[in-house]
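Engineer: Okay, here's the prediction I keep looking at, along with the sequence it came from:
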Amino acid sequence: MLLVKKTSEINEFMQKHFPVCPVCKSNSGFVTEKTVTLLPEFSNGSENYAQCKSCNAKWLLRKNEMRLVEPPKDPKTGLAVGISLLGIGYIYDTWKHLDLESLRSRDEQVERTSKERELTAERQIEQYREKINRLTVLFSDGEVSEDSYISAVKKIEENIDRLRSEKGILTEHEVRRVGKPTALWWLVPIFFGIIGGIVAYVGVKGDDQDMADGLLIFGIVWSIILFALGWSLIFH
């Protein structure tokens with residue numbers, strides 16, 4: 001159970017150190033409260049809060065710092081600003097040098113940094129896909145063994161999945177991919193047998209796993225059929 005009450009001590013402290021709101025610079029004052037727990041295990045616990053009457057910014061007051069728990073609202077737009085500072089504590093003097101404009105600038109900087117990281121992740125994913133394409137060419141030319149090819153591609157795809165999971169993004173290539181892969185993929189195992197089946201499998205499985213499995217199986221079966229036909233022609 002929590003008991004919330006206004007305290008003159010907190011109000012006096014805010015009037016003394018912050019005659020105006022440190023964010024919106026309004027002199028309309030603060031709503032102050034003290035949250036005291038009545039639970040036995042937390043009998044000595046309490047939290048002090050101060051909220052600006054003008055911009056609604058709310059701080060948790062600690063011994064040496066103020067921690068923003070609710071962002072202020074821009075009086076011009078009505079939108080919250082300073083979201084990037086939520087949960088971060090600063091000493092009292094630091095808050096005195098902040099304002100709405102500096103909070104907006106910080107939010108924009110954080111957003112730009114986030115977008116830059118997403119773009120970096122997208123570039124890394126594209127580079128990984130280029131590596132897979134190069135490995136596929138080398139494998140088709142017989143310069144890379146089957147085991148090495150499959151192992152390398154698996155490792156690269158794990159890195160791609162990790163980046164996508166961390167950033168929660170899709171590359172432009174993935175966004176553009178719609179529908180099923182072209183039926184022309186079936187020509188690859190027809191002409192190159194099991195090797196073509198493996199190449200087609202790697203190229204298609206990101207779009208259609210069932211088709212990729214079918215291409216691989218077809219490549220294996222087709223190679224067996226071609227081998228059997230060649231054997232019968234040679235020895236009969």
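Structural biologist: It's in.
Engineer: isn't there a strand covering D161?
Structural biologist: No - with DSSP: H, G, I helix; E, B strand; the rest coil as the criterion, D161 is helix rather than part of a strand.
Engineer: That one: how many residues sit nearby?
Structural biologist: Here the number of neighbours of D161 (other C-beta atoms under 10 Å) works out to 11. All C-beta atoms are positioned from the backbone trio N, CA, C, and that covers glycine.
Engineer: Provide a list of residues in contact with it.
Structural biologist: Contacts here follow C-beta atoms under 8 Å, 6 or more residues apart in numbering; on that basis D161 touches nothing.
Engineer: How confident was the prediction at it?
Structural biologist: Reading off the per-residue confidence, D161 sits at a pLDDT of 82.
Engineer: Toward the C-terminus, what is the element adjacent to the helix or strand of the chain with the lowest mean pLDDT?
Structural biologist: Taking mean pLDDT, DSSP states H and E as the measure, the helices and strands of the chain show their lowest mean at strand 2-5, namely a mean of 39. Counting by DSSP states H and E, the element after strand 2-5 in chain order, helix or strand, is helix 8-17.
Engineer: and that following helix, how far out from the chain's middle?
Structural biologist: Mean C-alpha position of helix 8-17 versus that of the full chain (C-alpha atoms, centre = their mean, to the nearest Å) differs by 41 Å.
Engineer: Over to stretch 90-99?
Structural biologist: Taking C-alpha atoms, centre = their mean, one finds the center of stretch 90-99 at 30 Å from the center of the full chain.
Engineer: Quote the end-to-end distance of stretch 58-77.
Structural biologist: 19 Å (C-alpha to C-alpha, to the nearest Å).
Engineer: So what touches it?
Structural biologist: 10, 13, 21, 23-24, 47-52, 54-57, 79-83, 85-92, 95, 100, 103-104.
Engineer: And this structure, what are its domain boundaries?
Structural biologist: In terms of domains, the chain is parsed into 2-98, 119-176, 179-236 (source: automatic domain parsing).
Engineer: would you list the ones you listed in TSV and tack on distance to E108?
Structural biologist: Rendered in TSV, the data for the domains of the chain read as follows (distance: least, C-beta to C-beta, whole Å):
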stretch	distance to E108
domain 2-98	9
domain 119-176	16
domain 179-236	35
